[in-house]
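In: Provided below for reference: sequence and predicted model.
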Amino acid sequence: MRTQRQVVDYSLQKRAVLRELLAGRVGTYDVCDASPYLKNAARFHGDPTDRRCPICRSENLTLVHYIYGDELKQSAGQARTLAELPVLAMTLREFQVFVVEVCLGCDWNHLVEQYLLGRDGLAADSDGTGEQDAAGAEGAGRRRREAQR
Ligand SMILES: [Zn+2]
């Protein structure tokens, strides 16, 4: 997504949990503890993937995108589908997205990544190399498009 920034990837932590599980230092009941709320969010607002659950290997994982931020007001903390995020990103200045993977078969769940979305990311974008060729046709085109907003 164009305004995506400050991405934090939690795949290392996830691998560590899976290693602990494999070594028998934690049980599946410790890691397969998705709450009813999380499972409902996965059912109604989740995005299916074609990746198998690393625990039960019988169901595909579902991704749930939770959104947080002052501008969201009462919507803060709700789950949104991936398709809804670009619209929000153009409407709001900044909000945080937490992506959680869930298995609806065995209740495995883990935070996958977090990042910021929102229009503030566009401003940072135009501070980049784009402005250096402002004399060129591309720069002029960009200024026109901005003027039309
Ligand atoms: Zn599973």
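Out: Sure thing, it's come through. Numbers count the residues shown, from 1 in each chain.
In: pretty sure L92 is touching L122, no?
Out: No: in this structure, L92 is not within contact of L122 by C-beta atoms under 8 Å, at 11.8 Å. In this view, the C-beta of every residue, glycine as well, is placed from N, C-alpha and C.
In: Compare the two (neighbour count), which wins?
Out: L92 (18 against 14; other C-beta atoms under 10 Å).
In: Would you check how far apart that one and the ion are?
Out: 34 Å (C-beta to the ion, to the nearest Å).
In: Provide a list of residues in contact with that residue.
Out: Counting by C-beta atoms under 8 Å, 6 or more residues apart in numbering, L92 touches 69, 71-72, 117-119.
In: quick check, stretch 46-61 touching the ion?
Out: Yes: on the criterion C-beta under 5 Å from the ion, stretch 46-61 is in touch with the ion at 53, 55-56.
In: Go ahead and name everything in contact with that stretch.
Out: With contacts defined as C-beta under 8 Å, 6+ apart, stretch 46-61 is touched by 18, 21, 28, 31-32, 62-65, 79, 81-82, 101-106, 108.
In: Restricted to helices, list the residues you listed.
Out: Using DSSP state H, the subset of the contacts of stretch 46-61 located in helices is 18, 21, 28, 31.
In: and the first one, how many neighbours does it have?
Out: Per other C-beta under 10 Å, the neighbour tally for L18 reads 16.
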